[in-house]
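Q: Sequence below, structure please.
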Amino acid sequence: MTSRAKRVREPIQVYLDGAERSVLDRLARDLAVSRAEVLRRGLDVLQRQRQVSVYDALQPLIGAFGTPDTPTDLAERHDEYLGPDVPRKARRSPRRRSS
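A: Residues are numbered from 1 along each chain as shown. Next up, the predicted model:
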(Lines give C-alpha, C1' and ligand atoms only; values in the text may rest on other atoms or scores of the structure.)
Protein backbone atom coordinates (compact mmCIF):
# COMPACT_ATOMS: atom_id res chain seq x y z
CA MET A 1 0.00 0.00 0.00
CA THR A 2 1.31 3.50 -0.77
CA SER A 3 2.13 5.96 1.95
CA ARG A 4 -1.05 7.86 2.70
CA ALA A 5 0.74 10.90 4.19
CA LYS A 6 2.51 11.76 0.93
CA ARG A 7 -0.53 11.63 -1.35
CA VAL A 8 -2.45 14.69 -2.41
CA ARG A 9 -5.97 14.41 -1.05
CA GLU A 10 -9.22 15.79 -2.32
CA PRO A 11 -12.35 16.21 -0.20
CA ILE A 12 -15.44 14.31 -1.30
CA GLN A 13 -18.97 14.25 0.04
CA VAL A 14 -20.78 10.92 0.44
CA TYR A 15 -24.38 10.42 1.53
CA LEU A 16 -24.91 7.38 3.77
CA ASP A 17 -28.08 6.06 5.31
CA GLY A 18 -28.23 5.25 9.01
CA ALA A 19 -27.19 1.61 8.63
CA GLU A 20 -24.23 2.47 6.40
CA ARG A 21 -23.11 5.18 8.82
CA SER A 22 -23.31 2.72 11.72
CA VAL A 23 -21.17 0.20 9.84
CA LEU A 24 -18.64 2.91 8.97
CA ASP A 25 -18.47 4.12 12.57
CA ARG A 26 -18.12 0.57 13.95
CA LEU A 27 -15.33 -0.31 11.49
CA ALA A 28 -13.48 2.92 12.27
CA ARG A 29 -13.74 2.23 16.00
CA ASP A 30 -12.75 -1.47 15.67
CA LEU A 31 -9.78 -0.69 13.41
CA ALA A 32 -8.77 2.44 15.37
CA VAL A 33 -8.67 4.55 12.21
CA SER A 34 -10.66 7.47 10.86
CA ARG A 35 -13.84 6.99 8.89
CA ALA A 36 -12.02 8.36 5.85
CA GLU A 37 -9.35 5.67 6.27
CA VAL A 38 -12.02 2.96 6.41
CA LEU A 39 -13.41 4.24 3.10
CA ARG A 40 -9.91 4.38 1.55
CA ARG A 41 -9.18 0.82 2.64
CA GLY A 42 -12.53 -0.32 1.28
CA LEU A 43 -11.70 1.24 -2.09
CA ASP A 44 -8.31 -0.51 -2.10
CA VAL A 45 -9.93 -3.89 -1.37
CA LEU A 46 -12.61 -3.40 -4.03
CA GLN A 47 -10.02 -2.42 -6.61
CA ARG A 48 -7.89 -5.51 -5.87
CA GLN A 49 -10.94 -7.77 -6.11
CA ARG A 50 -11.76 -6.43 -9.56
CA GLN A 51 -8.25 -7.07 -10.88
CA VAL A 52 -8.94 -10.67 -11.84
CA SER A 53 -6.91 -12.23 -14.60
CA VAL A 54 -8.36 -14.51 -17.24
CA TYR A 55 -6.49 -17.36 -15.56
CA ASP A 56 -8.26 -16.69 -12.26
CA ALA A 57 -11.61 -16.92 -14.05
CA LEU A 58 -10.66 -20.32 -15.49
CA GLN A 59 -9.31 -21.70 -12.21
CA PRO A 60 -12.50 -23.64 -11.32
CA LEU A 61 -12.21 -25.59 -14.60
CA ILE A 62 -8.72 -26.89 -13.91
CA GLY A 63 -9.01 -30.57 -13.12
CA ALA A 64 -12.78 -30.55 -13.60
CA PHE A 65 -12.53 -33.21 -16.30
CA GLY A 66 -9.80 -35.28 -14.70
CA THR A 67 -11.93 -38.27 -13.78
CA PRO A 68 -11.23 -41.76 -15.16
CA ASP A 69 -14.50 -41.72 -17.15
CA THR A 70 -13.62 -38.51 -19.02
CA PRO A 71 -13.27 -39.23 -22.74
CA THR A 72 -9.71 -38.87 -24.01
CA ASP A 73 -10.97 -37.31 -27.26
CA LEU A 74 -13.15 -34.66 -25.60
CA ALA A 75 -11.29 -31.77 -27.26
CA GLU A 76 -11.72 -33.19 -30.75
CA ARG A 77 -15.30 -34.44 -30.39
CA HIS A 78 -16.77 -31.89 -27.97
CA ASP A 79 -19.83 -31.26 -30.16
CA GLU A 80 -20.76 -34.93 -30.11
CA TYR A 81 -20.42 -35.14 -26.33
CA LEU A 82 -22.16 -31.84 -25.54
CA GLY A 83 -24.70 -31.92 -28.37
CA PRO A 84 -27.42 -33.87 -26.53
CA ASP A 85 -27.34 -31.33 -23.68
CA VAL A 86 -27.70 -28.25 -25.90
CA PRO A 87 -31.30 -27.22 -26.60
CA ARG A 88 -32.33 -27.47 -30.27
CA LYS A 89 -32.82 -23.70 -30.72
CA ALA A 90 -29.32 -22.91 -29.50
CA ARG A 91 -27.64 -25.23 -31.99
CA ARG A 92 -26.16 -23.61 -35.05
CA SER A 93 -26.32 -25.05 -38.46
CA PRO A 94 -22.97 -26.14 -39.91
CA ARG A 95 -21.05 -23.43 -41.70
CA ARG A 96 -20.94 -23.63 -45.42
CA ARG A 97 -17.55 -23.43 -47.00
CA SER A 98 -17.12 -21.05 -49.87
CA SER A 99 -15.47 -22.42 -52.97
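Q: lowest confidence element among the helices and strands of this structure?
A: Sorting the helices and strands of the chain by mean pLDDT, DSSP states H and E puts helix 54-58 at the bottom, at a mean of 72.
Q: what's that one in contact with?
A: Around helix 54-58, nothing counts as a contact under C-beta atoms under 8 Å, 6 or more residues apart in numbering. All C-beta atoms are positioned from the backbone trio N, CA, C, and that covers glycine.
Q: what's the spacing between that helix and its chain's center?
A: Chain-centre distance of helix 54-58: 9 Å, with C-alpha atoms, centre = their mean, to the nearest Å.
Q: And for stretch 49-61?
A: On C-alpha atoms, centre = their mean, the centre of stretch 49-61 falls 7 Å from that of its chain.
Q: I'd like the numbering to begin with 54 instead of 1 from here.
A: Okay, residue one is now 54; in that scheme the one you just asked about reads as stretch 102-114.
Q: returning to what we had before: so for the least confident helix or strand of the chain, what gets flagged as buried?
A: Within helix 107-111, no residue is scored as buried using 16 or more other C-beta atoms under 10 Å.
Q: try stretch 63-79
A: Applying 16+ other C-beta under 10 Å to stretch 63-79 flags Leu77 as buried.
Q: Could you give the average pLDDT over it?
A: Averaged across stretch 63-79, pLDDT comes to 96.
Q: tell me how far the ends of that stretch are from each other?
A: 24 Å (C-alpha to C-alpha, to the nearest Å).
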